[in-house]
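A.B. asks: Build me a structure from this.
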Amino acid sequence: MVAQFMSLKNAVATCVQDGDVIAMEGFTHLIPHAAGHEIIRQGKRDLTLIRMTPDVIYDQLIGAGCAKKLVFSWGGNPGVGSLHRLRDALENGWPRKLEIEEHSHAAMANAYDAGAAGLPCAVFKGYRGAELPRVNPNIKFIKCPFTGESLAAVPAIRPDVTVVHAQKANKKGDVLFEGIVGVQKEAVLAAKKSIITVEEIVDDFADIPFNAVMLPNWAISTIVHVPGGAHPSYAQGYYKRDNAFYKAWDNIARDRDSFKDWIDQHVMNGGPEDFATRLKMHNAKAEA
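C.D. replies: Next up is the predicted model:
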């Protein structure tokens with residue numbers, strides 16, 4: 001199936017259902033904030049959220065009541081501190097109780113790779129002497145049939161939907177990621193469906209840089225044009241990280257009422273076009 005170009009509203013309505021397992025990836029960069037906001041606007045519920053580094057966008061999804069479970073390998077507001085909506089859900093069950101399944105970065109990267117390869121589990125060298133196996137029953141140890149050594153095994157990650165942000169798509173539906181690409185490629189290939197938001201749509205790719213990954217149109221479900229869709233994270237070649245927003249989020253998210261007010265103002269009464277507006281304001285402040 002060749003990728004389809006859609007609006008963000010239609011892409012989320014078509015691909016994301018209540019109870020789905022959703023992976024939203026992007027390692028420090030190209031984080032799909034606009035798509036996360038559309039999931040909140042559409043009131044999706046009972047989601048299992050997977051992300052190597054859940055940060056602000058998952059804090060928002062959890063605080064908005066979208067998530068029943070989080071599978072992750074690190075959680076926090078990068079460079080600032082805790083995720084207060086995540087903590088409130090874990091410690092106090094607000095707005096609902098949240099299950100967690102914690103892994104290492106290596107385990108999750110291998111699990112995505114296994115999912116992309118159609119394997120039932122990932123086998124790797126890891127977790128030796130670690131304490132996570134005590135609290136995570138999905139971490140097992142197996143004996144290598146060839147060497148006899150003990151190896152770690154975790155279930156493959158096979159999301160119902162993977163959501164990522166990229167710099168470019170061409171008109172054929174191929175997608176180009178540049179810079180820190182993390183596990184976006186593996187997460188998309190492991191998923192049943194995918195939503196990829198992009199900064200721009202071009203006729204074709206030219207001068208592809210060394211640190212780039214291209215996904216072909218037959219591996220993608222939907223593509224959505226959302227300029228600024230990764231803000232406040234950054235998109236290499238388009239805009240820098242909005243550090244002021246990450247700092248401001250710490251106070252916004254500490255209090256339930258201030259969080260709800262922010263969601264009402266910036267998410268429920270907003271749309272994907274707001275990201276381009278926010279980006280212009282961010283760039284104007286950076287140049288001042």
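
A.B. asks: Which residue ranges of the stretch 51-200 of the chain form strands?
C.D. replies: Listed in chain order, the strands of the stretch 51-200 of the chain (DSSP state E, counting those that start in this stretch) span residues 67-72, 99-102, 121-124, 140-143, 150-155, 161-170, 175-178, 193-202.

A.B. asks: Out of these, which one sits most buried?
C.D. replies: Mean neighbour count (mean count of other C-beta atoms under 10 Å) peaks for strand 161-170 among the strands of the stretch 51-200 of the chain, with a mean of 26. The C-beta positions use only the backbone N, C-alpha and C, and glycine is treated the same way.

A.B. asks: for the record, mean pLDDT for the longest helix seen in the chain?
C.D. replies: Using DSSP state H, we find that the single longest helix of the chain is helix 273-287. For helix 273-287, mean pLDDT is 76.

A.B. asks: Show me what counts as buried in that helix.
C.D. replies: Asp274, Phe275, Ala276, Arg278, Leu279, His282, Asn283 (16 or more other C-beta atoms under 10 Å).

A.B. asks: Quick check: the residue nearest to the last one when sequence neighbours are not counted vs Ile196, distance?
C.D. replies: Right, the one you point to is Asn283. Excluding its sequence neighbours, the residue lying closest to Asn283 (C-beta to C-beta, 6 or more residues apart in numbering) is Tyr239, at 6.3 Å. Tyr239 sits 18 Å away from Ile196, going by C-beta to C-beta, to the nearest Å.

A.B. asks: Phe275 now?
C.D. replies: 15 Å.

A.B. asks: returning to what we had before: could the strands of the stretch 51-200 of the chain be laid out in a markdown table, adding mean pLDDT?
C.D. replies: Listed next are these as a markdown table, based on pLDDT from 0 to 100:
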| stretch | mean pLDDT |
| --- | --- |
| strand 67-72 | 98 |
| strand 99-102 | 98 |
| strand 121-124 | 98 |
| strand 140-143 | 97 |
| strand 150-155 | 98 |
| strand 161-170 | 98 |
| strand 175-178 | 96 |
| strand 193-202 | 97 |
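
A.B. asks: how about a markdown table for those strands, with distance to Leu30 added?
C.D. replies: Below are those laid out as a markdown table (distance: least, C-beta to C-beta, whole Å):
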| stretch | distance to Leu30 |
| --- | --- |
| strand 67-72 | 18 |
| strand 99-102 | 24 |
| strand 121-124 | 24 |
| strand 140-143 | 32 |
| strand 150-155 | 25 |
| strand 161-170 | 5 |
| strand 175-178 | 7 |
| strand 193-202 | 9 |
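
A.B. asks: Any idea which of these gets closest to Gln4?
C.D. replies: strand 193-202 (10.4 Å; C-beta to C-beta).

A.B. asks: after the closest one comes which helix or strand?
C.D. replies: Scanning forward in sequence from strand 193-202 by DSSP states H and E, the next helix or strand is strand 212-215.

A.B. asks: about what we covered before: quick one: the residue nearest to Asn283 and His282 touch, right?
C.D. replies: Yes - using C-beta atoms under 8 Å, Tyr239 makes contact with His282 at a distance of 6.8 Å.

A.B. asks: Between those two, which contacts overlap?
C.D. replies: His231 (C-beta atoms under 8 Å, 6 or more residues apart in numbering).

A.B. asks: Touching stretch 94-104 from outside, list them.
C.D. replies: By C-beta under 8 Å, 6+ apart, stretch 94-104 touches 62-65, 67-73, 86, 88-90, 111, 126-127, 130, 132, 135-136, 138-139, 154, 256.

A.B. asks: rewinding a little: nearest to Ala248, out of the strands of the stretch 51-200 of the chain?
C.D. replies: That would be strand 161-170 among the strands of the stretch 51-200 of the chain, by C-beta to C-beta, at 21.2 Å.

A.B. asks: Run me through the strand neighbours of that closest one, direction for each.
C.D. replies: Next to strand 161-170 in the sheet, as set by DSSP bridges, lie strand 21-24 (parallel), strand 175-178 (antiparallel), strand 193-202 (parallel).

A.B. asks: among those strands, which is nearest Ile208?
C.D. replies: With C-beta to C-beta as the criterion, Ile208 lies closest to strand 175-178 of the strands paired with strand 161-170, at 6.9 Å.

A.B. asks: And that closest one, how far out from the chain middle?
C.D. replies: Centre-to-centre, strand 175-178 and its host chain are 16 Å apart (C-alpha atoms, centre = their mean, to the nearest Å).

A.B. asks: Need the pLDDT of Asp204.
C.D. replies: pLDDT at Asp204 comes out at 91.

A.B. asks: what's the nearest residue to it if we skip its chain neighbours?
C.D. replies: Nearest non-adjacent residue to Asp204, counting by C-beta to C-beta, 6+ apart: Asn170, 5.2 Å away.
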